[in-house]
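> Build me a model:
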Amino acid sequence: MKRLLFFVAMVIATISNAQVADSLQRKVVLQGAQNFRDIGGYKTKGGKLVRWGQIYRSADISKLTDQDLSKLESLHLAVVCDLRGPSEIKNSPDRLPQGANYLNLPAGSENLPSTMRFGQLNTDSLMLSMYSNTSFLKAKYKPMFDQLLALPEDKALMFHCTAGKDRTGIGAALVLSALGVDEQLILEDYQATNYYWKETQEKMTKMLVQSGMREDKVRAMLGAKRNYLEIFLASINKQYGSMDNFLKVEIGLTDNDKNSLWNRFVQ
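Okay, here's the model as predicted:
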């Protein structure tokens, strides 16, 4: 029995250490932003890996320090895709590393309710409704895929919204799907926002609860709940038959485009 317990403890420790190592390699530590991370390293269905240091996702980058900007310049970011709407950008404009081209993709984000208004609604139902809405996906994400297809070999691309959770989470799901990553890993990447954005998430939760909002609504709004992205993936399958067909019909990925993406971002 003691040997069995020792073996189980060693397995748990190995898994934990692997998770810690993965998070340390994935996370880009910045003073003025959270949830900035590499989406490389995920295993594809063909047994290969998404290349590290090529595609990044993040939360708001309006508060980056000069030191942060220098760090991002070292990542060779050539394109920053901002998935936020006009009011968000007006209140918190991006700080960009030198040499990075800025691309705003606001489709679906033009009339988002304020945080306080959000909290007065049926938050969980509203989130599920938002994740099941596919009408804006082509306008929002096709230009991002166009940038990936045109990205020079020695450059990287980053996309972000405010929390790096919903719009960014959907973007990451589409990119990782196109690169052949399994759905379970895509869901794990989505839920990882609860770890990478935890500090800001808790501060905002406390602030909004103190302002009078119900804690359950706040956590539904700020949390990366697995079933949100599952609703999104199910909506894609229901409307288009498969993710592959969606990527072909709406994003315009031909077989040659897919091969180009795989050759560029999978190793």
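
> contacts, neighbours, all on C-alpha from now
Will do.

> For P106, give its distance to Q267.
32 Å (C-alpha to C-alpha, to the nearest Å).

> which of those two has more neighbours?
P106 (22 against 14; other C-alpha atoms under 10 Å).

> How much space separates Q210 from K27?
31 Å.

> Those two - which one has more neighbours?
Neighbour count, other C-alpha under 10 Å: between Q210 and K27, K27 has more, with 18 against 11.

> average pLDDT across stretch 95-103?
When pLDDT is averaged over stretch 95-103, the result is 97.

> what does stretch 247-257 give?
98.

> Quick one: residues in contact with that stretch.
137-138, 141-142, 145, 149, 178 (C-alpha atoms under 8 Å, 6 or more residues apart in numbering).

> let's go with 7 Å and repeat that
138, 142 (C-alpha atoms under 7 Å, 6 or more residues apart in numbering).

> which parts of it are buried?
With burial defined by 16 or more other C-alpha atoms under 10 Å, the residues of stretch 247-257 counted as buried are 247-248, 251, 253, 257.

> All the helices of the stretch 151-267 of the chain, residue numbers only.
Counting by DSSP state H, counting those that start in this stretch, one finds helices in the stretch 151-267 of the chain at the ranges 167-178, 183-191, 193-196, 198-210, 215-222, 226-240, 243-249, 255-265.

> which of the ones you listed has the lowest average pLDDT?
Averaging pLDDT over each of the helices of the stretch 151-267 of the chain puts helix 215-222 lowest, since it has a mean of 87.

> Tell me what angle that one forms with helix 198-210.
140 degrees (axes from the mean of the first three to the mean of the last three C-alpha atoms, to 10 degrees).

> Let me see the contact set for T162.
59-60, 84.

> which one of the residues you listed has the most neighbours?
Within these, most neighbours by other C-alpha under 10 Å means D60, with 25 neighbours.

> Tell me the pLDDT of that one.
Reported pLDDT for D60: 97.

> Hmm, it is touching A163, no?
Yes - counting by C-alpha atoms under 7 Å, A163 is a contact partner of D60 at 6.3 Å.

> Leaving aside the residues adjacent along the chain, what's closest to T168?
Nearest residue to T168 in three dimensions, chain neighbours excluded: H160, at 5.4 Å (C-alpha to C-alpha, 6 or more residues apart in numbering).

> Go ahead and confirm that neighbour touches C81.
Yes - under the criterion of C-alpha under 7 Å, H160 makes contact with C81 at 6.5 Å.

> Give me the residues contacting stretch 138-152.
Contacts for stretch 138-152 (C-alpha under 7 Å, 6+ apart): 81, 105-107, 171, 250-251, 261.

> Relative to R226, how far out is K198?
Distance, K198 to R226, using C-alpha to C-alpha: 16 Å.

> Also L208?
23 Å.

> Looking at the two, which is more packed in?
Set L208 next to R226 and count neighbours by other C-alpha under 10 Å: L208 wins out with 18 against 12.

> so what's the more buried one closest to, chain neighbours aside?
With C-alpha to C-alpha, 6+ apart, the residue lying closest to L208 is V218, at 7.1 Å.

> ok, so of the contacts of T162, who is nearest L185?
A59 (20.0 Å; C-alpha to C-alpha).

> what sits against the residue lying closest to the closest one once chain neighbours are set aside?
Once flanking residues are discounted, A59 sits nearest to G164: 3.8 Å by C-alpha to C-alpha, 6+ apart. In this structure, G164 makes contact with 35, 57-59, judged by C-alpha under 7 Å, 6+ apart.

> Who has more neighbours out of H160 and C81?
Taking other C-alpha under 10 Å, H160 and C81 do not tie; H160 has more neighbours (26 against 23).

> quick one, what contacts the more buried one?
57-60, 81-83, 168.

> Could you rerun that using 6 Å?
Contacts here follow C-alpha atoms under 6 Å, 6 or more residues apart in numbering; on that basis H160 touches 57-59, 82-83, 168.

> do L69 as well
When contacts are counted by C-alpha under 6 Å, 6+ apart, L69 touches P97.

> Distance of it relative to T123?
L69 is 35 Å from T123, where distance means C-alpha to C-alpha.

> and if you look at L30?
For L30, the distance to T123 - C-alpha to C-alpha - is 30 Å.
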